[in-house]
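Undergrad: The following comprises the amino acid sequence and a computationally predicted model.
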Amino acid sequence: MSSLLPSPADDPLPPVLDRLDCLTDWEKRPRGGMRVGLDPMRDLLARLGEPHNRLRVIHVGGTKGKGSVCALIEAGLMRAGLRVGRYASPHVESVTERVCLEGRPVADATLAWALTRALDAHEAARRDGTAGQDATWFDVLTAAALTIFGEVGLDWAVIEVGLGGRLDSTNAVESEVAVVTNVGLEHTEILGHTRAAIAAEKVGILKPGTALVTTLATDDEAGAVAAARAAALDCPVLRPAIPPGAAIAEENAALAGLVLDHLGQRGALGRDGTPLRAGLLDAPVRASACLPGRLERRRIRTRHGAVPVVLDGAHVPFNLAAVLRDLARMPDLPGPCIALVAMAGDKDAAGFLAVLARHRASVVATEMPERRGHAAAALRALAAAEGLEAEAAAEPEAGLTRAVDLAATRGRWLLVTGSLHLVGALRARTEDPEA
């Protein structure tokens, strides 16, 4: 598919990323003063020829699961023989993971070409004094992704919300389906301090007539907000049937399957001319949609034997609780875990650690260099206040070494959690258990 793109610039990706990194990156800064709004994004897209207007879009937001739901929808559409692009955030190991064509990250040269165009549009806006002069790192990267997608002739683009929804950079697109997976307390300094307030931001991705697919019930605080917004915009609301206690993977597949069923009922066809349907998500397709850092099984070899490792970027208490519930069903994970934890400064660290305490974990607290976050010593103190055995190691590599040693000598398993950035920094130190 990428062969349809214009010839990429000769410049390699790293110098282009250096240009991008000169812009404000709210993934690395305290978000209390974060500027949000769509005018800079719209200005960039106008200067780039409105590439998003050439796309059929499925837009996915929510507190947890949105990345996995995007990957499942992508996999189902590909199983139907369709050409699909997926935009996601954050990445785990390489920025190219954020922009996928046909299920694979774009080539470095392709992303370099698109980023160069988007950065040039930003510089033109600065010269002209228009809204695009205030574009952020995420604005420009999103514009680059949409530029690629608009160029290659996709059947569908699956777009993951970055933060919130209403004022997120991705909300410049029009979508045929909007998914809100669920709503928990997160980014409260930006989105609000109640689930109702956060829901209002997340359902801001709804446009008139767009179908809303969500797990939120009408008798739920957040669900009532979603239902009212949908009614005001004449949007049908679709809710999957999810049995109590369903695993995370089952819940995500139910949402993705409902999206495919709805599109098929509205006339969307696969390459063979048959309507799209949930049945496209068979076991092999679901397995192909697994993302790094989401309930990912790995291992680390030690002189005491191989330590089982689970990498999961859960960062809110109810997500961690679901992760630990699902992992407790796995008979090869012996007893309580050793948890290596780093968390962004705007996350509910005390609530997160309370969940670990209920599961009798032991904690090694660490932190991420160049990322806004809780200091390791502060996390250790919060963990101790919850009654947890806890240590602190500010450097992630040192924290991993200590956590692996504890797991190996005690016959335990290791959970690396609290931040996808932590997972990305350490994933290369682990290996596939099937290798």
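TA: Ah, there it is. As the structure is a prediction and not an experimental result, all values here were calculated from the model. Numbers count the residues shown, from 1 in each chain.

Undergrad: next one: phi and psi at the closest residue in space to G223 that isn't next to it in sequence?
TA: Nearest residue to G223, sequence neighbours excluded (C-beta to C-beta, 6 or more residues apart in numbering): L216, at 3.5 Å. Heads up, the C-betas are built off the backbone N, CA and C, glycines and all. When read as degrees, to the nearest 10, the backbone of L216 gives phi -70, psi 130.

Undergrad: And for the one 4 residues further on?
TA: D220 adopts backbone torsions of phi -90, psi 150, taken as degrees, to the nearest 10.

Undergrad: How about D128?
TA: phi -90, psi -10.

Undergrad: repeat for P336
TA: Dihedral angles (degrees, to the nearest 10) for P336: phi -60, psi 160.

Undergrad: Contact partners for it?
TA: Residues in contact with P336 (C-beta atoms under 8 Å, 6 or more residues apart in numbering) are 359-362, 412.

Undergrad: For ChimeraX, write the selection for the buried entries among those residues.
TA: Burial among those is assessed by 16 or more other C-beta atoms under 10 Å; the matching ChimeraX selection reads:
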select :359,361,362,412
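
Undergrad: Adding distance to L20, write the contacts of P336 out as TSV.
TA: Converted to TSV, the contacts of P336 look like this (distance: C-beta to C-beta, whole Å):
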residue	distance to L20
H359	40
R360	43
A361	38
S362	39
R412	41
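
Undergrad: Which of the contacts of P336 sits closest to I248?
TA: For those, the closest approach to I248 (C-beta to C-beta) belongs to H359, at 15.7 Å.

Undergrad: Would you mind giving me the confidence score for that closest one?
TA: H359 carries a pLDDT value of 96.

Undergrad: now stretch 367-379, how far from the chain's geometric center?
TA: 21 Å (C-alpha atoms, centre = their mean, to the nearest Å).

Undergrad: Only C-alpha atoms, please: export that stretch in PDB.
TA: Once non-C-alpha atoms are left out, stretch 367-379 reads as follows in PDB (Å, rounded to 0.1, in the frame of the first residue of the first chain):
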ATOM      1  CA  GLU A 367      10.200   6.500  37.500                       C
ATOM      2  CA  MET A 368      10.800   7.600  33.900                       C
ATOM      3  CA  PRO A 369      13.500  10.000  33.000                       C
ATOM      4  CA  GLU A 370      12.300  13.000  31.000                       C
ATOM      5  CA  ARG A 371       8.700  12.200  31.800                       C
ATOM      6  CA  ARG A 372       6.400  14.000  34.200                       C
ATOM      7  CA  GLY A 373       5.700  11.600  37.000                       C
ATOM      8  CA  HIS A 374       5.700  10.600  40.700                       C
ATOM      9  CA  ALA A 375       9.100  10.300  42.200                       C
ATOM     10  CA  ALA A 376      10.100   6.700  43.000                       C
ATOM     11  CA  ALA A 377      10.500   7.600  46.700                       C
ATOM     12  CA  ALA A 378       7.000   9.100  46.800                       C
ATOM     13  CA  LEU A 379       5.500   6.000  45.200                       C
END
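
Undergrad: neighbouring contacts of that stretch?
TA: Against stretch 367-379 from outside (C-beta under 8 Å, 6+ apart): 27-31, 341-347, 349, 353, 363, 365-366, 382, 390, 392-396, 399, 419, 421-422, 425.

Undergrad: among the residues you listed, which are in helices?
TA: Applying DSSP state H to these, the entries found in helices are 349, 353, 382, 396, 399, 421-422, 425.

Undergrad: Among these, name the buried ones.
TA: Buried among these by 16+ other C-beta under 10 Å: 349, 353, 382, 396, 399, 421-422, 425.

Undergrad: Mind picking the lowest-pLDDT entry from the residues you listed?
TA: H421 (90).

Undergrad: Identify the spatial nearest neighbour of that residue, chain neighbours not counted.
TA: M368 is the one closest to H421 (C-beta to C-beta, 6+ apart), at 5.1 Å.

Undergrad: What about the one you found, how many residues nearby?
TA: Using other C-beta atoms under 10 Å, M368 has 21 other residues around it.

Undergrad: Could you shift the numbering so residue one becomes 46, and keep it that way?
TA: I'll keep to 46 as the first residue from here, and by that count the last item is M413.

Undergrad: what pLDDT does it get?
TA: So M413 comes in at 83 (pLDDT).

Undergrad: buried sites along stretch 360-376?
TA: 360-369, 371-372.

Undergrad: Sitting in helices, which of these do you find?
TA: Those of the buried residues of stretch 360-376 lying in helices (DSSP H): 362-369, 371-372.

Undergrad: ok, those vs G324, which is closest?
TA: Distances from G324 to those, taken by C-beta to C-beta, are shortest for D371, at 24.0 Å.

Undergrad: Can you name the residues that contact the closest one?
TA: 292-294, 340.

Undergrad: make it 6 Å
TA: 292-293 (C-beta atoms under 6 Å, 6 or more residues apart in numbering).

Undergrad: repeat for A323
TA: 302, 305-306.

Undergrad: Between the buried ones among the ones in helices among the contacts of stretch 412-424, which sits nearest G210?
TA: Scanning these for proximity to G210, where the rule is C-beta to C-beta, the winner is H466, at 21.7 Å.

Undergrad: For A387, see how far away that closest one is.
TA: 8 Å (C-beta to C-beta, to the nearest Å).

Undergrad: hmm, back to that, what would the ones in helices among the buried residues of stretch 360-376 look like in JSON lines with distance to R211 and pLDDT?
TA: Listed next are those as JSON lines, based on distance: C-beta to C-beta, whole Å; pLDDT from 0 to 100:
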{"residue": "P362", "distance to R211": "24", "pLDDT": "93"}
{"residue": "F363", "distance to R211": "22", "pLDDT": "88"}
{"residue": "N364", "distance to R211": "22", "pLDDT": "90"}
{"residue": "L365", "distance to R211": "26", "pLDDT": "95"}
{"residue": "A366", "distance to R211": "27", "pLDDT": "94"}
{"residue": "A367", "distance to R211": "26", "pLDDT": "93"}
{"residue": "V368", "distance to R211": "28", "pLDDT": "95"}
{"residue": "L369", "distance to R211": "31", "pLDDT": "96"}
{"residue": "D371", "distance to R211": "31", "pLDDT": "94"}
{"residue": "L372", "distance to R211": "34", "pLDDT": "96"}
